[in-house]
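*Asks:* Here is the input, now give the coordinates:
(chains A and B, ligands or ions: 2)
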Amino acid sequence: MDWSIPKFPLDTLCDQALTWLTVHLSGVTLAVAGVIANWIEVSTAALSAVPPPITIVVLAAICWRIAGIRPGIMAAAGLAFLWNLRLWVPTVETMILVTLATSAALVIGVPLGIACALSRRVWRTVGPFLDMMQTMPSFIYLIPAIPFFGLGPVSACFATIIFSMPPVIRLTALGIMQVPRELIEASEAFGSTPMQKLFKVQLPLAVPTIMAGVNQTIMLALSMVVIAAMIGAGGLGREVWRSIQRLEAGAGFEAGIAIVIVAVILDRVTQKLALRLRPTGQAAH
Amino acid sequence: MASQAEPQARTRIAVQAVSKVFSDQPQKALAMLEAGETKDVILERLGTVVGLNRVSFDVAEGEILVVMGLSGSGKSTMLRCINRLVEPSAGAIVVDGTDVTRLNQKDLLEFRRHKFGMVFQHFALFPNRTIQGNVEYGLEIQNVPKAQRAEKALAAIEVVGLKGWEAKYPNQLSGGMQQRAGLARALAVDADILLMDEAFSALDPLIRRDMQGELRQLQRKLGKTIVFVSHDLDEAIALGGRIVLMKDGAIVQIGNPEEILLAPATDYVRRFVEHIDVSSVLTAERLADRGVAVLRAGHTAAEARLAIASCQQTSWYVTDEGGRLVGRATREQVERCTGTIGAVMEAGCDRVEASATLRQAFARLAANRDGVAVVDDRGHLIGTVTHRGAARALARDTAGTAAASAEEARHGLVHPKISA
Ligand SMILES: Nc1ncnc2c1ncn2[C@@H]1O[C@H](COP(=O)(O)OP(=O)(O)O)[C@@H](O)[C@H]1O
Ligand SMILES: [Mg+2]
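*Replies:* Ligands and ions are numbered 1, 2, ... in the order given. Model (predicted):
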């Protein structure tokens, strides 16, 4: 086809912006990345050094305390099976990455969600970004991450944070906005300050919805951590990736099953937690 | 009028020409309201919703004032303007000498904490707190120490009859009990003005009636000043206070139940009240014929004969020197009399209390051919209620209603059904 209108240089503009940012920021980000990478390495080494049975028992006990006896047994069995498949170290790596990325996503996402719920303007600004973050194919985030954080787990973490944050922002905002009007009025009528209203009424009542967001964020983080193996994230994703490159269907299936097991454990535990924290009735506080 | 009997009480809340327009630019709509345009016209021309149209009324110390009207008439908006959950667009609301509309944010919070307790239609209890936790809420907001908080909350819980339920969660209680908790939460902060928005509307009829009675008792005992919003005229009457009747954001009539029933200000009010049974509202005090001749027990025969000379009656009530009703004397007895009336009269006679409703007086009327005496709470004779007087009171109402119905038929108006 003969184009008379020149192409809009979206790619070039993007590259230029990225180059500019890299030139000005990468010094700092790479330094930070070095620290984080170091931290990840040390904690992975430490956790891998603990005899797996101990770790398995501890994790299963945590699941049992949070979610009850059945998820506890399930976690013990699932993790023991992973150990048996000789996938223990990649599993530990994956769990550390997911924990790190999810924590960061929550630390940023929950306050942002609160801000969205309390201010129309923030909501209108953040909303479109959330839509974009969620529809953009996930590995696009991997490319710009590299110049800032280098190849390896930190870039993977960064991309994972970006990719997994939208649900917790969205559902935190939703949970707060869904608190019945009469309850808000009641808290205001008794003279609550905006902070008292937030911490005594809005947030406690939004907890179940926020927890649903946390659950989704964890699931997205897990899926992204696997994809991030492409840029050297390690963990179970690398096992999958290696099997693809060597066309080893069996090994690929093993790694896939391992990811499913980790996902199911994380999902059940966070869902149970959400249920336990719902505000009506017997919830402890 | 009945209201004259009460001593002039201090004004606690003065609502002065308050308007509310739901718009960022209220000026135009406010100007139109000033010019006398109605809510409908303003909605049509500007697309702006008018919540309140220059509303003024006073609430006196220790009274239950009922704000009444159909759904959408602006009752909730009015109530929320008092503690500024809704910002009035114009006008002033003076509570104990302070114009609430001029308070800054910080003073407003203080004002809300200490002046007002609020009770909501759907209870608005916090589902994540126990009953005690809910009742403590207002105190917690004020940073009252924990022990003191618990003490006050438990006292309030006991007042509303929920003792023993304080550790339960709201969803473990029936509707009536939840609203008691809502009331306790409002009482716990020691605010002496209660703002109640359709507080009993979500309750079953029987429970509702109990709660109305209890609120009256509570109000008498604790001396609270109450502004009570209701869409239900029966409820307004049962609460026994003055009524502010609203329509389209404006006040149509203010008065006690009798005044509103017997002298409706407009056809709208008349249609509003027509289903109400007048006999359960009219009191013996209002019906009492005060012009009757009375004899004193100390009268001599001559004095008595002089007093009854121009009367056609066949019997008279007799009081002591203090005006207390002591008996009844017939014409025969007076004519036979040689000493004092007290010696010949028939001692003791049937009576009704001034505060009794006509409905309560019916039985006594049925038992007495010549009507029945009305006495105040110290036994002083006020007057008599006769069969004719009672019938006339009922007939007057019916006549009014009949006229209104005819009017309504001519204009093809729809009967306003009162609903939430
Ligand atoms: N926040 C609001 N925004 C716009 N209109 C409102 C708002 N709140 C109330 N209104 C309108 O104001 C009028 C009075 O409402 P309200 O005070 O709730 O009536 P009531 O309590 O008597 O049923 C209604 O026409 C309603 O639609
Ligand atoms: Mg209302």
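*Asks:* got the residues of chain B near chain A?
*Replies:* B:80, B:83, B:85, B:109-114, B:116-118, B:120-122, B:124, B:126-128, B:137-138, B:140-142, B:169-172, B:185, B:189, B:195 (CB under 8 Å from any CB of the partner chain). All C-beta atoms are positioned from the backbone trio N, CA, C, and that covers glycine.
*Asks:* Recalculate using a threshold of 6 Å.
*Replies:* B:83, B:85, B:109, B:112-113, B:118, B:120, B:122, B:124, B:127-128, B:138, B:141, B:169, B:171 (CB under 6 Å from any CB of the partner chain).
*Asks:* Pick the one among these closest to A:Thr172.
*Replies:* B:Asn128 (16.8 Å; CB to CB).
*Asks:* Let's verify the closest one: helix, strand, or coil?
*Replies:* State at B:Asn128, reduced to three classes by DSSP: H, G, I helix; E, B strand; the rest coil: coil.
*Asks:* Can you get me a residue count around it?
*Replies:* The tally of other residues near B:Asn128 (other CB atoms under 10 Å in any protein chain shown) stands at 21.
*Asks:* From what I see, it and A:Pro204 are in contact.
*Replies:* Yes: in this structure, B:Asn128 is within contact of A:Pro204 by CB atoms under 6 Å, at 4.9 Å.
*Asks:* B:Leu183: what's its closest spatial neighbour, skipping adjacent residues?
*Replies:* Distances taken as CB to CB, 6 or more residues apart in numbering or on different chains place B:Val160 nearest to B:Leu183, at 5.2 Å, with adjacent residues excluded.
*Asks:* so what pLDDT did that neighbour get?
*Replies:* Looking at B:Val160, its pLDDT stands at 93.
*Asks:* about what we covered before: list buried residues within the residues of chain B next to chain A.
*Replies:* Buried subset of these (neighbour count, 16 or more other CB atoms under 10 Å in any protein chain shown): B:83, B:85, B:109, B:112-113, B:118, B:120, B:122, B:124, B:127-128, B:138, B:141, B:169.
*Asks:* Torsion angles phi and psi at residue 77?
*Replies:* All of this refers to chain A. Main-chain dihedrals, A:Ala77, degrees, to the nearest 10: phi -60, psi -50.
*Asks:* Neighbours of it, how many?
*Replies:* 14.
*Asks:* Where does B:Asn171 sit: helix, strand or coil?
*Replies:* From three-state DSSP, the assignment for B:Asn171 is helix.
*Asks:* Please report how far it lies from ligand 1.
*Replies:* Here B:Asn171 is placed at a distance of 26 Å from ligand 1 (CB to the nearest ligand atom, to the nearest Å).
*Asks:* swap in B:Arg10?
*Replies:* From B:Arg10 over to ligand 1 (counting by CB to the nearest ligand atom), the distance is 28 Å.
*Asks:* what residues are up against that residue?
*Replies:* Going by CB atoms under 6 Å, 6 or more residues apart in numbering or on different chains, B:Arg10 touches B:Glu61.
*Asks:* re the thing from before, pop out the phi and psi values for the residue nearest to B:Leu183.
*Replies:* phi -90, psi 10.
*Asks:* quick one: it and B:Ala181 touch, right?
*Replies:* No: using CB under 6 Å as the test, B:Val160 is too far from B:Ala181 to be in contact (7.3 Å).
*Asks:* ok, then the element right after the helix or strand encompassing B:Arg216?
*Replies:* Per DSSP states H and E, B:Arg216 falls inside helix B:205-222. Of the helices and strands lying after helix B:205-222 in sequence (DSSP H and E), the nearest is strand B:225-230.
*Asks:* per-residue pLDDT, A:Arg278?
*Replies:* 72.
*Asks:* pretty sure it belongs to a strand, no?
*Replies:* No: in this structure, A:Arg278 is coil, not part of a strand, as judged by three-state DSSP.
*Asks:* so the closest residue in space to it that isn't next to it in sequence is in which element?
*Replies:* Using CB to CB, 6+ apart and skipping the chain neighbours, the partner closest in space to A:Arg278 is A:Pro208 (4.3 Å). A:Pro208 belongs to helix A:203-227 when elements are defined using DSSP H and E.
*Asks:* Measure how the very next helix or strand once past that helix sits relative to helix A:203-227, angle-wise.
*Replies:* Heading C-terminal from helix A:203-227, the first helix or strand you meet, by DSSP H and E, is helix A:236-246. Interaxial angle of helix A:236-246 relative to helix A:203-227 (axes from the mean of the first three to the mean of the last three CA atoms, to 10 degrees): 30 degrees.
*Asks:* Enumerate the positions of helix A:236-246 that are buried.
*Replies:* Neighbour-count burial for helix A:236-246 [16+ other CB under 10 Å]: A:Leu236, A:Gly237, A:Arg238, A:Glu239, A:Val240, A:Trp241, A:Ser243.
*Asks:* Compute the number of surrounding residues for the residue nearest to B:Leu183.
*Replies:* Neighbour count of B:Val160, defined by other CB under 10 Å: 24.
*Asks:* got it, and the one 3 residues further on?
*Replies:* Using other CB under 10 Å, B:Lys163 has 11 neighbouring residues.
*Asks:* so how far is B:Glu63 from the residue nearest to B:Leu183?
*Replies:* Using CB to CB, to the nearest Å, B:Val160 is found at 21 Å from B:Glu63.
*Asks:* Dihedrals phi and psi, whatever residue of the stretch 251-400 of chain B ends up closest to chain A?
*Replies:* Nearest to chain A in the stretch 251-400 of chain B, going by CB to the nearest CB, is B:Ile251, at a distance of 23.6 Å. The phi and psi torsions at B:Ile251 (degrees, to the nearest 10) take the values phi -80, psi 130.
*Asks:* Pairing-wise in the sheet, spell out the partners of it.
*Replies:* When bridges are called by DSSP bridges, B:Ile251 pairs up with B:Met246.
*Asks:* Can you give me the neighbour number for it?
*Replies:* 22.
*Asks:* Give me the local confidence score for it.
*Replies:* 96.
*Asks:* Helices of the stretch 51-200 of chain A, start to end?
*Replies:* For the stretch 51-200 of chain A, the helices defined by DSSP state H, counting those that start in this stretch cover A:52-67, A:69-84, A:88-118, A:120-135, A:142-149, A:153-177, A:181-189, A:194-197.
*Asks:* Please save the CA atoms from the second one in PDB.
*Replies:* What that stands for is helix A:69-84. These are the backbone C-alpha positions of helix A:69-84, laid out as PDB (Å, rounded to 0.1, in the frame of the first residue of the first chain):
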ATOM      1  CA  ILE A  69      -6.700 -28.100  58.800                       C
ATOM      2  CA  ARG A  70      -7.600 -29.100  55.300                       C
ATOM      3  CA  PRO A  71      -5.500 -26.400  53.500                       C
ATOM      4  CA  GLY A  72      -2.800 -27.200  56.000                       C
ATOM      5  CA  ILE A  73      -2.700 -30.900  55.000                       C
ATOM      6  CA  MET A  74      -3.000 -29.900  51.300                       C
ATOM      7  CA  ALA A  75       0.000 -27.600  51.600                       C
ATOM      8  CA  ALA A  76       2.100 -30.200  53.400                       C
ATOM      9  CA  ALA A  77       1.300 -32.900  50.700                       C
ATOM     10  CA  GLY A  78       1.700 -30.500  47.800                       C
ATOM     11  CA  LEU A  79       5.100 -29.100  49.000                       C
ATOM     12  CA  ALA A  80       6.400 -32.600  49.800                       C
ATOM     13  CA  PHE A  81       5.500 -33.700  46.300                       C
ATOM     14  CA  LEU A  82       7.400 -30.800  44.900                       C
ATOM     15  CA  TRP A  83      10.400 -31.800  47.000                       C
ATOM     16  CA  ASN A  84      10.100 -35.300  45.700                       C
END
